[in-house]
Structures are given as structure tokens and as C-alpha cells.
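[1] I'll drop the sequence and a predicted model, then ask my questions.
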Amino acid sequence: MKEQIQKRLSDSKAARWTALIIVSFTMMCGYFLTDVMAPLENLLTTKGKVVYFTDNTSMPADTLVAKVALFAESNALSSPDLTVQKLEEGARYQYIETVEGKQETVEKTISTVSSGKGWSSTEYGFFSGAYGYINVFLLMLFFGGIILDKMGVRFTGVMSSGLMFAGALIKWYALQADFGDAMLWGMNLQVIIAALGFSIFGMGAEITGITVSKVIVKWFAGKELALAMGLQVAMARIGTALALAVSLPVARMMGDVSGSVLVGAIALCVGFISYLVYCVMDRKEDAAISAARAEAGEAPEEGFKLSDLKLILCNKGFWLITLLCLMFYAGVFPFLKFATKLMIYKYEVPESFAGLIPALLPFGTILLTPVFGTLYDRIGRGATLMIIGSVMLTTVHVLFALPIMNYWWFAVIVMIVLGIAFSLVPSALWPSVPKIIPMKQLGSAYAIVFYIQNIGLAMVPTLIGFVIDRFSTQYNAAGAITGYDYTAPMVIFAIFGLCAIVIAGILKQEDRRKHYGLEESNIKKK
Ligand SMILES: C[C@H](NC(=O)[C@@H](N)CCCCN)C(=O)O
């Protein structure tokens, strides 16, 4: 056969890995903003100012004022003249605290003071689920897939990364503005506008997600596909990990939760520019593909037709992957939104460190997702990896639900196991889609998987927020919140894990019958 003179840009290792890094960076910025509010749940659901002390403990300002006043009164001191306005960095206060059953006078120095927003858990859940509202209810993710297959990765990627940036700016505006007591649909107006911004952002983030998946298949099919997808997911997880780890310190430093969102919006602006750089490479790749086709006398590839959707929707393997994705991810991403507060109230981790334990989850996956991706590339066993990951997910949520081992180190171990599960399933799930669906329908196929997954991402946080308000929140006689019992929400998460195990098992059987090749390696032997 005559050797092709015009080489594709993707044949160059350096070029295809560069393309991967650029698009993964855009996605990473998106993931940062997605989870930037998760460590701020406690701050968002506290009314008024929150005081952080130098010993890394924290307390609502009102509580501190009351405690200090009580201390002054019981010690017959003249009034300390402490008002919320006077709470500032470096100020020292004394009050009485019960330590191991004994009353002790403690002295604390203020490190920072931030403004809480006074949202209820239901409002926080509604806001967190907003990521998926436009995608699900306006079918935008579904249309996004069709736009991707019809208009290509350049147009769609620029549009979607632009939407992420615009949504982030709206969210930031809502959080830094003061809407007073204005309400809409029974919720604070601030929550509604922030949720609108988050919905627009979520639409952009998901369409960028399917675009990036298609870009990777375009550059890596028949090569290191699962490793490339694993590395993209790993970079995305860096975004999540950074969000969980730095969001609270940034909010504390800037005195308000909107500070962390502003940092995310700036990152997204850079991510948008980096996607424009990718577009230059993509144009060259397309030119090389067309030239190579013309040289080989091949007709240009047929475009996507709406009738192709029927082929996707009639494929049982595709539906099993989609449902597995729905159940597995419903047990992970929504859980992350509530995990920081779980650490504070179930494992008694000081708020300043509480975000670091959930951050271990994405940090672990940064290394492991490419490792499992390589494993899948070389030895296969994709369906088996998905079953093992689902079993681990379920075990983790059962352990979080049980009223035992309420130690921070136990939470760390369980979170690490969740990190392994969260590496196993994505590294096998996403590269399995092209084994079931051909390239020209891939954009739509990923869009449908993401669409169904978004139903979970939208509804589960809303459900969990409601369950926490209704069944988990504990009050004292005066009606003040004293703590939370996380059994009910964690049982719900464990049920999602159970469903994932069953679906992954059926998928493995179906693969045996239909020979999708899920248990086979990805790298084609030359
Ligand atoms: C690659 C995959 N992406 C998704 O599942 C997205 N649809 C949802 C991203 C939500 C970000 N918090 C993944 O991240 O494993």
C-alpha cells in the first residue's frame, strides 16, 4: 500500500499530548468552579458573621457575643462592649466552655471574620443541584450533543467555555450583592440568581465535557485512548481537589464566599483562552485529515444525521453504561457537596480542616485514574473494573452511614477507598462508550450519557438538602441547631451504590453476549 505523504497532526506524540493538556486545562478550570462552594456549606448556612480563631476553631459571631457577655456577667466584669462590628482580626476574647464535662475559661484570638449567608440546607441543596437544571429541564445537554456532531469541536467548545465563564460571573455577582430579605419562589433571591448563574455555568461545563471527550477520541483513537481519558479526568480532579482545599481559606482571606467564586471566574477566563489555542491545532488536524482522505481517494466522512440517534437509543449496552453512570456519579459528586459538613458534625473535624478530607478523594484519583486507564488500555477488564468500583462505593457509604468509628482518621481511610472507587469506574466507563457507539455518533452518545447523569446531579443534592433539613438536623429547646445526624442521607447514597453494582453486573453479561470488547484491551496491535 502506498505510504500516506500527508501525516495527521495526531500521529505526532508531542502534538496529541499537547492538545490533550490544553483542552484538559479548560476542563480543569470548570471543575474548580463546580465544587468551589462545597467547603463553604457551613458558612453559607450560617446567619450573620462567622468568626475563625487562630486555633482553627470557628463559631457564629452571635454565639461568641452571647458567650462573652455571659462570661463578663458571671465574673462581674464591666460589659466588654462587644458588638458584631468590633469582631476583627487579632481581637482576643474570654468565655467559658465545657471541656470534657468541666467548665473552663478559654481565651481565643480571632484570625478572620467572614460573612455567612443564612441559607437553609434546602436552599443550599437547590443551589448545588442547579448545575444540572438547564441541562435536564431545557434539554440543553441533549441539544449540545447534536450541535457538537453537526458543528464540530471548535464552534461547540468556544461556545460552551464562553457559557461557563458567563455563568460564573452571574454566580459571583449574586453572591457579592446584598438582596436584603427579597424572596422568590419561597427562597432568598440571592439563592435563585446564584442558582441561575450556576445553571448557565453547568450547561457550559457539560457541553465542554462532551466536546473534550470527542476531542480526545479524535486524537487518541487506536492509540493510548483510556490513558488519555484518564489523564484528562485526573487534571479535572486537580480542579476539584483545589476547590475543596483552597475555597474556605480564600473565602476567609477575602471576608466573603464570593471571593472564591471570583478566583474561579478568573481561572475560567484563562481556560476559555486556552481553548482558543486548541482551535488552531484542531484546524490543522482537520486539514491533514481531509488531505489524507483526498490523497487516498476516500470520500469525506458522512456527517451526523438525526436518524443516527435511533441507533444509539436502541442499543442495550449503551443504556446500561448510561444507567451505571447515573447511579455511580449520583453517589459521588452530590456527596462531595455535603461531605465537608459531614466531617464537621459526624467526625468532629474543625471547620478549617474539614474540606481537606473530602479533597483527598480527588487528589487520590489524580494518580490512580491514569493508572487504571493504562491498565484498561493494556489488559482490558473494563466491565470488571466497573463492578469492583461500584462495590467499593457502596461499602464506603454504608460505613459513613453507620454510627460507629466517628474518628477523623477513619473518615480519612474511608475517603481514600472512595478515591480508589472514583478512579476505577470513570477510567473504565468513559473509554467503553466508543466500543459500543461509532465515532460519528459519539458526541450525541456522550451527550445522552451526560444528560441522564445530570438528572442525578440536579436532583440528588436537592433531595439530600431537603432530607438534611427534614430528618437530620437536631435542635435544642430554644430551636437553635445543635448538630446533624447523617444516617438518612448516607443510606440514600448507599442505595445508589447498590444500583450501580447490579447494573455493572448486567453490563458484563451483556458484553459477553454482544462482544462489545469491554473486557478487551484498547491498544490495537500493529
Ligand atoms: C469525565 C466525567 N465527567 C462527568 O461526569 C461530567 N458529566 C460531570 C462533571 C461534574 C463535575 N463536578 C468525570 O468527571 O468523571
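    Sure, I can see it. Numbers count the residues shown, from 1 in each chain.
[2] Just give me the neighbour total for Ile506.
    Using other C-beta atoms under 10 Å, Ile506 has 15 other residues around it. In this view, the C-beta of every residue, glycine as well, is placed from N, C-alpha and C.
[3] Tell me who's in contact with the closest residue to it other than its chain neighbours.
    For Ile506, ignoring the flanking residues on the chain, the nearest one in space by C-beta to C-beta, 6 or more residues apart in numbering is Leu320 at 5.9 Å. Residues counted as contacts of Leu320 (C-beta atoms under 8 Å, 6 or more residues apart in numbering) are 503, 506-507, 510.
[4] now with 10 Å?
    Contacts for Leu320 (C-beta atoms under 10 Å, 6 or more residues apart in numbering) come out as 383, 386, 436, 503-511, 516.
[5] Please pick the buried ones from the residues you listed.
    Buried members of the contacts of Leu320, scored by 16 or more other C-beta atoms under 10 Å, are 383, 386, 436, 503-505, 507-508, 510-511, 516.
[6] what about Gln94, helix or strand, and which?
    Using DSSP states H and E, Gln94 falls within strand 92-99.
[7] who does that strand pair up with?
    Using DSSP bridges, the strands paired with strand 92-99 are strand 102-115 (antiparallel).
[8] Say whether the ligand is contacted by the following helix or strand past the strand it pairs with.
    The helix or strand immediately downstream of strand 102-115 is helix 121-129, counting by DSSP H and E. No: Helix 121-129 lies out of reach of the ligand by C-beta under 6 Å from any ligand atom, never closer than 10.4 Å.
[9] what is the rounded mean pLDDT of the helix or strand encompassing Val280?
    For Val280, the host element (DSSP H and E) is helix 258-295. Average pLDDT, helix 258-295: 94.
[10] What are the buried residues along that helix?
    258-265, 267-268, 271-272, 274-275, 278, 281-282, 285-286, 288-289, 292.
[11] Also stretch 315-329?
    Applying 16+ other C-beta under 10 Å to stretch 315-329 flags 315, 317-329 as buried.
[12] before we move on, what about stretch 487-499?
    489-490, 492-494, 496-499.
[13] out of those, which one sits closest to the ligand?
    The ligand lies nearest to Phe496 out of the buried residues of stretch 487-499, by C-beta to the nearest ligand atom, at 14.3 Å.
[14] Are we agreed that the closest one is in a strand?
    No: counting by DSSP: H, G, I helix; E, B strand; the rest coil, Phe496 is located in no strand; its state is helix.
[15] So for it, what's the nearest residue that isn't a sequence neighbour?
    Gly331 is the one closest to Phe496 (C-beta to C-beta, 6+ apart), at 3.9 Å.
[16] just Pro358 next, same as before
    Pro358 sits nearest to Ala339 (C-beta to C-beta, 6+ apart), 3.9 Å away.
[17] Please apply the same query to Ile464.
    Pro489 (4.9 Å).
[18] Repeat that for Leu424.
    Gly389 (3.4 Å).
[19] is the helix or strand that neighbour falls within up against the ligand anywhere?
    Secondary structure assigned from DSSP H and E places Gly389 in helix 382-401. No: Helix 382-401 is not in contact with the ligand by C-beta under 6 Å from any ligand atom; minimum separation 11.4 Å.
[20] circling back to that earlier point, wait, the residue nearest to Ile464 sits on Thr473?
    No: contact criterion C-beta atoms under 10 Å: Pro489 and Thr473 do not qualify, at 11.1 Å.
[21] Find the residues that touch each one of the two.
    Common contact partners of Pro489 and Thr473 (C-beta under 10 Å, 6+ apart): Val467.
[22] Next, the residue of the stretch 1-150 of the chain found nearest the ligand: phi, psi?
    For the stretch 1-150 of the chain, the residue closest to the ligand is Thr34, as judged by C-beta to the nearest ligand atom, at 4.0 Å. Main-chain torsions, Thr34, degrees, to the nearest 10: phi -60, psi -40.
[23] Same question for Tyr407.
    Taking degrees, to the nearest 10 as the convention, Tyr407 sits at phi -110, psi 150.
[24] Now do the contacts for Met415.
    Met415 sits in contact with 339, 343, 356-361, 363-364, 396, 400, 422, where contact means C-beta under 10 Å, 6+ apart.
[25] wait, does the helix or strand containing it make contact with the ligand?
    In this assignment (DSSP H and E), Met415 forms part of helix 408-436. Yes: Helix 408-436 is in contact with the ligand by C-beta under 6 Å from any ligand atom, via 426, 430.
[26] roughly how far is that helix from the heart of the chain?
    13 Å (C-alpha atoms, centre = their mean, to the nearest Å).
[27] Please identify the next secondary structure element, helix or strand, after that helix.
    Immediately after helix 408-436, counting by DSSP H and E, sits helix 442-467.
[28] could you say what helices and strands the following helix or strand past that next one packs with?
    Where DSSP H and E defines the elements, the next helix or strand beyond helix 442-467 is strand 473-475. The contact analysis (3 or more C-beta pairs under 10 Å, 6 or more residues apart in numbering; DSSP states H and E) places strand 473-475 against strand 481-484.
[29] Give the buried residues for the strand it packs on.
    Neighbour count says strand 481-484 has Tyr484 buried, by 16+ other C-beta under 10 Å.
[30] For the stretch 151-300 of the chain, what lies in contact range of the ligand?
    206, 209, 233, 236.
[31] which two from these end up farthest apart in space?
    Greatest spatial distance among those (C-beta to C-beta): Glu206 and Val233, at 14.7 Å.
[32] Counting neighbours, go ahead and name the busier of these two.
    More neighbours surround Glu206 than the other of Glu206 and Val233, with 30 against 25 (other C-beta under 10 Å).
[33] pretty sure Val211 belongs to a helix, no?
    Heads up, residue 211 is Thr, not Val. Yes: assessed by three-state DSSP, Thr211 belongs to a helix.
[34] Ala267 touches Gly239, doesn't it?
    Yes: using C-beta under 10 Å, Ala267 makes contact with Gly239 at a distance of 8.3 Å.
[35] Show me whatever sits in contact with both of the two.
    Joint contacts of Ala267 and Gly239 (C-beta under 10 Å, 6+ apart) are 25, 28-30, 32-33, 36.
[36] Please flag which of these sit within strands.
    With strands taken from DSSP state E, there is no overlap with these.
[37] so of those residues, which ones are in helices?
    25, 28-30, 32-33 (DSSP state H).
[38] Next, the contact list for the residue nearest to Pro358, please.
    Contacts of Ala339 (C-beta under 10 Å, 6+ apart): 38-39, 41, 244, 332, 354-355, 357-359, 361, 400, 411, 415, 418, 486.
[39] Same check on Ala359?
    35, 38-39, 240-247, 336, 339-340, 415.
[40] nearest residue to the residue in the stretch 301-450 of the chain that the ligand sits nearest to other than its sequence neighbours?
    Closest approach between the stretch 301-450 of the chain and the ligand, counting by C-beta to the nearest ligand atom: Pro426, at 3.9 Å. Nearest residue to Pro426, sequence neighbours excluded (C-beta to C-beta, 6+ apart): Val233, at 5.3 Å.
[41] the strands in the stretch 51-200 of the chain, which residues?
    All strands of the stretch 51-200 of the chain, identified by DSSP state E, counting those that start in this stretch, fall at 58-60, 92-99, 102-115, 183-184, 187-188.
[42] rewinding a little: select, from the buried residues of stretch 487-499, the two members most distant in space.
    Pro489 and Cys499 (16.3 Å).
[43] Was I right to think Gly382 contacts Ser432?
    Yes: judged on C-beta under 10 Å, Gly382 makes contact with Ser432 at a distance of 5.0 Å.
[44] list the residues that contact both of the two?
    226, 321, 376, 507, 511, 516-518, 522.
[45] With secondary structure and pLDDT as new columns, can the residues you listed be given to me in TSV?
    Output for these, formatted as TSV (DSSP: H, G, I helix; E, B strand; the rest coil; pLDDT from 0 to 100):
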residue	secondary structure	pLDDT
Ala226	helix	82
Ile321	helix	97
Tyr376	helix	91
Leu507	helix	97
Asp511	helix	95
Tyr516	coil	91
Gly517	coil	90
Leu518	coil	92
Asn522	coil	73
